[in-house]
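Enquirer: Quick one, fold the following:
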Amino acid sequence: MTHGTSPAPQPPSPVLAEYAEATQACRDIAARVGIRNCDNDPDWKAAEWRANDLFDKALAAGHTMDEVLKAGRKQ
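Expert: Now for the predicted structure:
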C-alpha cells in the first residue's frame, strides 16, 4: 500500500456524459414549458425517456447509483 498517492483521475464515461446532457435537456424543457406542464409536452417526455434509458445503461455498464445520480445533477 502506498501513501500520499491517488489514482489518476479517469475521464468521464461516455454514458455518464450522455446522461448528464439528457437530464440537462429535461431541466431546460421544464424551464421553458413550466414544471406543471412537463407531462403534457412531447419534447419533455422524449427527453425523460432518453434520460431514463441512459440511467439504466449507466448502471448496466457498472457505474454505481451514486455515480449516475451525481452525473445527472445540475453543474
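
Enquirer: which parts of stretch 20-31 are buried?
Expert: Across stretch 20-31, burial judged by 16 or more other C-beta atoms under 10 Å covers 20, 22-26, 29-30. All C-beta spots, glycine's among them, are computed from the backbone N, C-alpha and C.

Enquirer: try stretch 46-60
Expert: 47-48, 50-51, 54-55, 57-58.

Enquirer: What of stretch 34-44?
Expert: Buried residues in stretch 34-44 (16+ other C-beta under 10 Å): 38, 41, 44.

Enquirer: quick one: which of those is nearest to Leu16?
Expert: Proximity of those to Leu16 (C-beta to C-beta) peaks at Trp44, which lies at 21.6 Å.

Enquirer: Which strand or helix spans the closest one?
Expert: Per DSSP states H and E: Trp44 is located in helix 42-60.

Enquirer: about what we covered before: switch the buried residues of stretch 34-44 over to CSV; also include distance to Met65.
Expert: CSV is the format used below for the buried residues of stretch 34-44 (distance: C-beta to C-beta, whole Å):
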residue, distance to Met65
Cys38, 24
Asp41, 28
Trp44, 24
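
Enquirer: Of these, which one scores lowest on pLDDT?
Expert: Among the buried residues of stretch 34-44, Cys38 carries the lowest pLDDT, at 90.

Enquirer: Please, where are all the helices along this protein?
Expert: Using DSSP state H, the helices found in the chain span residues 14-33, 42-60, 65-72.

Enquirer: Could you pull up the residues touching the closest residue to Ala20 other than its chain neighbours?
Expert: Spatial nearest neighbour of Ala20, chain neighbours left out: Ala71 (4.8 Å); criterion: C-beta to C-beta, 6 or more residues apart in numbering. With contact set as C-beta atoms under 8 Å, 6 or more residues apart in numbering, Ala71 has these partners: 12, 16-17, 19-20, 58.
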